[in-house]
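> Sequence first, then the predicted structure:
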Amino acid sequence: MLDNYGIRTDLALEATERFTEENVEVRGVEIHEDYNEEKDIRTTVVKITTENGARTMGRPQGSYITIEAPGLSVHDEDYHREISLEIARHLQNVINLERELSILVVGLGNSAITADSLGPHVVENLHITRHMIREYGLQSLGKEKMHRISGIIPGVMAQTGMETSEIIQGIVAETKPDIVIAIDALAARSTRRLNRTIQITDTGINPGSGVGNHRVGLTEENLQVKVIGIGVPTVVDAATIVHDSMAHLLEALEEAEQKEFLEEMISPHLHTMFVTPKDVDETVKYLSFTISEGLNMAFEEIGG
């Protein structure tokens, strides 16, 4: 029913929940879940393995790792360090970090808009090494092996007049990284996942898709280099709020009555509105530290 009203989500996990609720098994989609009770961290891996699965899910084939951690919305340094370790561990599974790599980290989003500033803040907190290695060599850093990390905050089209993909394509052509990691703010279907969920995927990322701004994707197909996408949902479609608020009432209605009610309540203008928690400025700030520390931990593994 929700799909008929264009309610958006960038989380593959939420896309699978619709089929689970309807007891429908999707061929070509594998789901594995793990829950760490002590740390209160739930990790779900959704693997889309066939074209049929991709069409049904509305997402490209690949792996989508979702880390759900209620404590992410609380400023607890010890807990956030646990999440950073989880991010590092999953990145090491997705990327072969055993050999030295040139890695470009792209901080997507608009740093002037708090709910969209996650990507830029992550890049600001990274340990950038490419220029040091090129200028002074590994010995100056006391390392025998080290990844060459570079970062870019490309801004948004309204600021630059250019597609983000055009900017990144130019940088990739010039600097020739082995892999691109793109960080972005996402949209969620569920309000309980706002600022409490991290998605890691090996399928790349589409800047602005969560709020309906369909830009050209940062994908391996477009950039000719492997792209990892990392995101946190910071906004939810306003139409979702209306639907969730009416959920119990809807249960008492027949399907035809539900359709009529939703058409009346969820007017088209709601789909241009997105809601974010009032403390999003503080939350995004320490979430960006958590993700950047996860990246730093993952990249430092080969140092010796």
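Here it is on my side, so go on.

> Only C-alpha atoms from now on, for both contacts and neighbour counts.
Fine.

> all strands of the stretch 51-200 of the chain, in order?
In order along the chain, the stretch 51-200 of the chain carries the following strands (DSSP state E, counting those that start in this stretch): 62-68, 102-107, 148-152, 179-188, 197-201.

> among these, which is the most enclosed?
By mean neighbour count, with neighbours taken as mean count of other C-alpha atoms under 10 Å, strand 179-188 ranks first of the strands of the stretch 51-200 of the chain at a mean of 26.

> what comes into contact with that strand?
For strand 179-188, contacts defined as C-alpha atoms under 8 Å, 6 or more residues apart in numbering pick out 8-11, 14, 101-109, 115-119, 122, 194, 204-205, 207, 210-211, 218, 225-237.

> Reformat the strands of the stretch 51-200 of the chain as TSV; add mean pLDDT.
Output for these, formatted as TSV (pLDDT from 0 to 100):
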stretch	mean pLDDT
strand 62-68	96
strand 102-107	97
strand 148-152	96
strand 179-188	94
strand 197-201	96
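
> Output those as JSON lines; include the columns distance to residue 242.
Formatted as JSON lines, these follow (distance: least, C-alpha to C-alpha, whole Å):
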{"stretch": "strand 62-68", "distance to residue 242": "24"}
{"stretch": "strand 102-107", "distance to residue 242": "32"}
{"stretch": "strand 148-152", "distance to residue 242": "38"}
{"stretch": "strand 179-188", "distance to residue 242": "14"}
{"stretch": "strand 197-201", "distance to residue 242": "22"}
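
> what angle do the lengthiest strand in the chain and strand 62-68 make?
Within the chain, and with DSSP state E defining each element, the longest strand by residue count is strand 226-237. Angle of strand 226-237 versus strand 62-68, following axes from the mean of the first three to the mean of the last three C-alpha atoms, to 10 degrees, is 50 degrees.

> Return the list of strands paired to strand 226-237, each annotated with direction.
Sheet partners assigned to strand 226-237 using DSSP bridges are listed as strand 179-188 (parallel), strand 197-201 (antiparallel), strand 274-275 (antiparallel).

> closest one to residue 154 among those strands?
strand 179-188 (11.0 Å; C-alpha to C-alpha).

> if we can go back for a sec, can you tell me which of the strands paired with strand 226-237 comes nearest to residue 71?
Going by C-alpha to C-alpha, the one of the strands paired with strand 226-237 nearest residue 71 is strand 197-201, 9.9 Å.

> what does the lengthiest helix in the chain rub up against?
Taking DSSP state H as the criterion, the chain has its longest helix at helix 280-299. The list of residues contacting helix 280-299 from outside it, by C-alpha under 8 Å, 6+ apart, reads 72-75, 80-81, 83-89, 91-92, 97, 114-115, 117-119, 121-123, 125-127, 146-147, 195, 234.

> Could you rerun that using 6 Å?
80, 84-85, 87-88, 114, 118, 121-122, 125-126 (C-alpha atoms under 6 Å, 6 or more residues apart in numbering).

> now these: which count as buried?
Among those, the ones that count as buried by 16 or more other C-alpha atoms under 10 Å are 80, 84-85, 87-88, 114, 118, 121-122, 125-126.

> Dump these to CSV, plus distance to residue 161 and pLDDT.
Below are the buried ones among the contacts of helix 280-299 laid out as CSV (distance: C-alpha to C-alpha, whole Å; pLDDT from 0 to 100):
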residue, distance to residue 161, pLDDT
80, 36, 92
84, 35, 96
85, 37, 95
87, 33, 96
88, 34, 95
114, 21, 88
118, 21, 95
121, 22, 96
122, 23, 97
125, 26, 94
126, 27, 96
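
> so which of those comes closest to residue 47?
Set against residue 47, the nearest of those by C-alpha to C-alpha is residue 87 (17.7 Å).

> Excluding covalently adjacent residues, which one is nearest to that closest one?
Leaving aside its sequence neighbours, residue 87 sits nearest to residue 294 (C-alpha to C-alpha, 6 or more residues apart in numbering; 5.2 Å).

> repeat for residue 64
Nearest residue to residue 64, sequence neighbours excluded (C-alpha to C-alpha, 6+ apart): residue 201, at 4.5 Å.

> Okay, now the unreliable bits of the stretch 201-304 of the chain?
The model of the stretch 201-304 of the chain has pLDDT under 70 over residues 208-215, 243-245, 247-273, 301-304.

> re earlier: tell me which of the strands paired with strand 226-237 lies nearest to residue 26.
Nearest to residue 26, of all the strands paired with strand 226-237, is strand 197-201, at 19.4 Å by C-alpha to C-alpha.

> roughly how far is the very next helix or strand once past that closest one from the heart of the chain?
Scanning forward in sequence from strand 197-201 by DSSP states H and E, the next helix or strand is helix 220-223. On the basis of C-alpha atoms, centre = their mean, to the nearest Å, helix 220-223 sits 18 Å off its chain's mean C-alpha point.

> Okay, buried residues for helix 220-223 please.
Neighbour-count burial for helix 220-223, counted by 16+ other C-alpha under 10 Å, picks out 220, 222-223.
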